[in-house]
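J.: Structure of the sequence below:
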Amino acid sequence: MIFPRLLLRAAGARRFAAPGLAPDVPGPAARRPGALPLLASVLAAGLMLAAAPPTVRAQSGPPERLGRAESPIYDDNLDVARARAVRAAQLDTIRGALAELVEREWLVLFDGEIRRTMLRDIDQYISAYRVRRLDTSLDRTRYFAEVAAQIDRPRLEQDLRELGLPLLGDPRQPMQVLYERGDPLLSLSAVRELVLGRLREQLLRLNFNVAGVTALRSDQAALFAGGATDQARRATVLSEGEGVAGLFMEFAVPPQVTAGGEAPQAEFHARVYQSDNGALLGSFAHQSRRALDVAPGGRFVVADLEGGLVVPLVNQLQPGALKPFSRDASDPDSLALRVLGFASFQEQEEFEVAFFTRNSNFQDFALARLDERSVTYRGRIRGSRRILADRLRGMQVGPFRVREVYWIDGVLELDIERTVEPARLELKPFPAEERLPLQRRVIDAYLTTLNTATPAAHALGDPLFTEQEDNGWFDKANPLEFNASVYGFVDSRGDMDFYTGEFLEEGETLEILLLRLDRTSLAPTVRIYDVQRQRKTTEHFGERAVIKYRLPKGETRFFMEVGDRFGVIDGDSGGYLSYHYLLTVRRSVAPEKLAGTPNTRR
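T.: Next up is the predicted model:
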């Protein structure tokens with residue numbers, strides 16, 4: 001069972017609410033009577049700093065990693081140089097963390113891919129940071145920066161695994177090696193040991209070990225030949241051995257040997273199959289550049305065979321080539337599901353409930369990653385992956401339709417669209433029956449006093465309407481009535497009241513008036529969004545707020561949110577905190593189009 005809201009809060013806390021970093025303070029010994037003299041303390045501190053490792057620990061929170069960098073100063077512009085130096089120091093902390101997770105050889109080999117897919121947005125891996133040093137060189141040509149950053153290591157590890165890179169410390173997975181008994185070269189023990197030696201060495205670097213070596217009959221070997229399609233029988237053969245995958249090797253050597261003692265060019269092939277279903281995961285081949293030398297008696301020279309065929313092919317076994325089956329290979333039913341097309345967290349929750357309740361093939365799925373474009377879940381599936389993907393294409397999931405289904409690097413990706421709009425939540429006439437006594441008392445007590453102290457142009461009259469719950473997100477926003485007071489109630493730190501203004505004139509300027517009616521320990525805040533739901537302005541207010549907002553060109557609608565500045569903090573929604581407010585939105589058009597007239601009936 002999945003609990004969307006709890007998952008989102010956990011992810012939000014992990015991603016956006018990083019713990020603060022405490023400054024370095026002297027230890028207890030520095031404050032006790034009889035501590036070291038000042039000079040000795042300074043010298044001791046200097047020695048300790050000089051010997052300190054690049055990873056340090058703040059007084060609270062996860063370990064920090066130090067990063068250092070410098071940047072040239074152009075045209076005596078210190079601000080730009082400082083920003084570059086701090087950014088480069090942050091990048092240095094990420095590279096230091098990468099060096100602890102992946103062998104240097106793979107980091108060098110995959111440097112371009114890591115730069116393209118991961119290092120373009122390093123903020124996603126830094127939970128928090130503090131600047132420890134900012135300084136310029138004596139000639140003011142270089143700017144130096146040193147930062148201490150808290151790294152989101154789980155997210156870093158996940159993205160490295162997405163690239164297929166083996167991580168230091170991960171347990172090795174078993175792989176079985178297969179060949180045909182009648183292979184012209186692998187049937188020779190000297191050649192076989194040569195190949196297996198090179199193969200074991202490369203697989204170990206990829207976190208695999210050779211679990212066993214099996215010589216196949218010719219009818220079995222035919223199942224592993226190029227173009228073979230009997231996947232079920234191939235899986236049966238693989239199930240007789242050990243390992244999450246099977247690597248089948250074969251040499252192709254022309255039978256004739258020339259009179260001059262040379263054989264024509266030979267080929268070495270290797271294919272990797274997934275053990276549980278016999279699926280082909282990768283195919284590798286190499287052809288010798290020249291004819292292989294043949295020793296007296298028609299035997300190939302082993303050294304020439306090694307450099308001409310074996311080493312070049314084994315070197316093709318790289319992390320990227322093994323990625324499709326190395327991810328979650330220990331659990332063949334494991335699946336990553338990526339969903340694109342959500343307009344809000346609320347749509348995500350709505351989809352989760354509808355999708356995972358309806359589809360029993362998806363089991364134990366939980367939120368794995370959030371980013372700007374998609375949401376990724378991980379869990380286990382039942383049944384054929386191909387049939388499952390075909391069934392999902394075009395499926396109606398609650399108010400959403402699955403437009404397209406893709407398999408990308410072993411991840412099932414769904415592109416969805418909303419086809420059923422949520423029911424509109426119109427404003428209700430004031431007073432609302434369920435809160436009439438409280439509303440009337442609060443408004444009578446504060447409205448007159450506050451309006452007396454407010455300029456006449458910004459005074460608000462008795463409310464004509466009241467909000468209708470649940471208006472806590474964009475798609476449930478209450479349509480506004482212009483030039484009329486609306487009563488609202490923020491009942492906790494996590495409560496958000498959304499409103500929308502529609503059928504406006506593009507470029508029109510609106511005046512938004514907000515009046516808080518009672519005292520509160522919350523931080524009242526109003527946020528304005530455009531039609532794409534991008535935040536345009538934020539106003540934190542005490543007793544009242546007066547905001548001028550001009551609609552962007554080409555837009556005739558906007559959204560507004562009234563709530564608390566901070567929202568839920570570390571799981572605490574502040575349910576005992578609240579405030580009452582009045583809201584009026586005035587338009588800069590003819591009065592006859594405004595007073596008491598809903599914006600949906602122009």
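J.: Contacts only, for Arg586.
T.: 482-483, 510-513, 594 (Cβ atoms under 8 Å, 6 or more residues apart in numbering). Quick note: C-beta positions are derived from backbone N, CA and C, even for glycine.
J.: Using PDB, write out every CA atom in the helix or strand harbouring Ala366.
T.: Per DSSP states H and E, Ala366 falls inside strand 362-370. Taking C-alpha atoms only, strand 362-370 is exported to PDB below (Å, rounded to 0.1, in the frame of the first residue of the first chain):
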ATOM      1  CA  PHE A 362       2.300  -3.400  -9.400                       C
ATOM      2  CA  GLN A 363       3.200  -4.400  -5.900                       C
ATOM      3  CA  ASP A 364       5.100  -2.700  -3.000                       C
ATOM      4  CA  PHE A 365       5.700   0.500  -5.100                       C
ATOM      5  CA  ALA A 366       7.100   3.500  -3.200                       C
ATOM      6  CA  LEU A 367       8.300   6.900  -4.200                       C
ATOM      7  CA  ALA A 368      11.900   6.800  -5.200                       C
ATOM      8  CA  ARG A 369      12.700  10.200  -6.800                       C
ATOM      9  CA  LEU A 370      11.100  13.600  -7.500                       C
END
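J.: quick one on the thing from earlier: where is pLDDT lowest across the contacts of Arg586?
T.: pLDDT across the contacts of Arg586 is lowest for Leu594, at 42.
J.: if we can go back for a sec, show me what the mean pLDDT comes to for the strand holding Ala366.
T.: Regarding strand 362-370, the rounded mean pLDDT is 79.
J.: what bridges to Thr538?
T.: Listed by DSSP bridges, the beta-bridge partners for Thr538 are Arg527.
J.: Kindly apply the preceding question to Phe362 instead.
T.: Applying DSSP bridges to Phe362, the residues it is bridged with are Ile381.
J.: Enumerate every residue touching it.
T.: With contact taken as Cβ under 8 Å, 6+ apart, Phe362 is in contact with 335, 337, 355-356, 379-381.
J.: Next, format those as TSV and append secondary structure and distance to Leu305.
T.: Below are the contacts of Phe362 laid out as TSV (DSSP: H, G, I helix; E, B strand; the rest coil; distance: Cβ to Cβ, whole Å):
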residue	secondary structure	distance to Leu305
Leu335	strand	42
Leu337	strand	46
Phe355	helix	55
Phe356	helix	54
Gly379	strand	47
Arg380	strand	44
Ile381	strand	44
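J.: how about the longest helix belonging to the chain: buried residues?
T.: Taking DSSP state H as the criterion, the chain has its longest helix at helix 78-101. The neighbour-count check on helix 78-101 (16 or more other Cβ atoms under 10 Å) flags 81-82, 84-94, 96-98, 101 as buried.
J.: same thing with stretch 338-350?
T.: Neighbour-count burial for stretch 338-350, counted by 16+ other Cβ under 10 Å, picks out 338-339, 341-342, 345-350.
J.: which element is Asn277 on?
T.: When elements are assigned from DSSP H and E, Asn277 belongs to no helix and no strand.
J.: in what helix or strand does the residue lying closest to it once chain neighbours are set aside lie?
T.: Distance criterion Cβ to Cβ, 6 or more residues apart in numbering; nearest residue to Asn277, sequence neighbours excluded, is Ala235 at 5.4 Å. Using DSSP H and E, Ala235 sits within helix 231-239.
J.: Ala545 now?
T.: Using DSSP H and E, Ala545 falls in strand 544-550.
J.: so His199 sits in a helix?
T.: If you look again at residue 199, you'll see it is Leu, not His. Yes - if the criterion is DSSP: H, G, I helix; E, B strand; the rest coil, then Leu199 is within a helix.
J.: That one contacts Val314, doesn't it?
T.: Yes - with contact defined as Cβ atoms under 8 Å, Leu199 counts as touching Val314 (5.8 Å).
J.: List the contacts of the residue nearest to Asn277.
T.: Contact partners of Ala235, counting by Cβ under 8 Å, 6+ apart, are 275-278.
J.: Can you give me the first-to-last residue distance of stretch 379-388?
T.: This stretch, stretch 379-388, spans 15 Å end to end (Cα to Cα, to the nearest Å).
J.: Show me the contact partners of it.
T.: Stretch 379-388 has contacts (Cβ under 8 Å, 6+ apart) with 331, 333-335, 337, 360-366, 407, 412.
J.: in a strand, that's where Val585 is, yeah?
T.: Yes - under three-state DSSP, Val585 falls within a strand.
J.: Against Phe482, how distant is it?
T.: 6 Å (Cβ to Cβ, to the nearest Å).
J.: And Leu514, by the same measure?
T.: Between Leu514 and Phe482 the distance, using Cβ to Cβ, works out to 15 Å.
J.: Between those two, which has more neighbouring residues?
T.: The neighbour count for Leu514 versus Phe482, taken as other Cβ atoms under 10 Å, is higher for Leu514 (23 against 20).
J.: check contacts around the more buried one.
T.: Leu514 sits next to 524, 526, 541, 544-547, 562, 581-583 when contact means Cβ under 8 Å, 6+ apart.
J.: Of these - the most surrounded one?
T.: Neighbour counts for the contacts of Leu514 (other Cβ under 10 Å) peak at Val562, which has 26 neighbours.
J.: How about the secondary structure of it?
T.: Secondary structure for Val562, judged by three-state DSSP, is strand.
J.: any idea how far it lies from Glu511?
T.: Between Val562 and Glu511 the computed distance is 16 Å (Cβ to Cβ).
J.: Looking at the buried residues of stretch 338-350, which are in helices?
T.: Among these, the residues falling in helices (DSSP H) are 345-350.
J.: Pick the one among those closest to Arg535.
T.: Within those, proximity to Arg535 (Cβ to Cβ) peaks at Phe345, which comes in at 14.5 Å.
J.: Can you tell me how far the closest one is from Asn359?
T.: Between Phe345 and Asn359 the distance is 21 Å, computed by Cβ to Cβ.
J.: Also Ala190?
T.: Distance from Ala190 to Asn359, by Cβ to Cβ: 55 Å.
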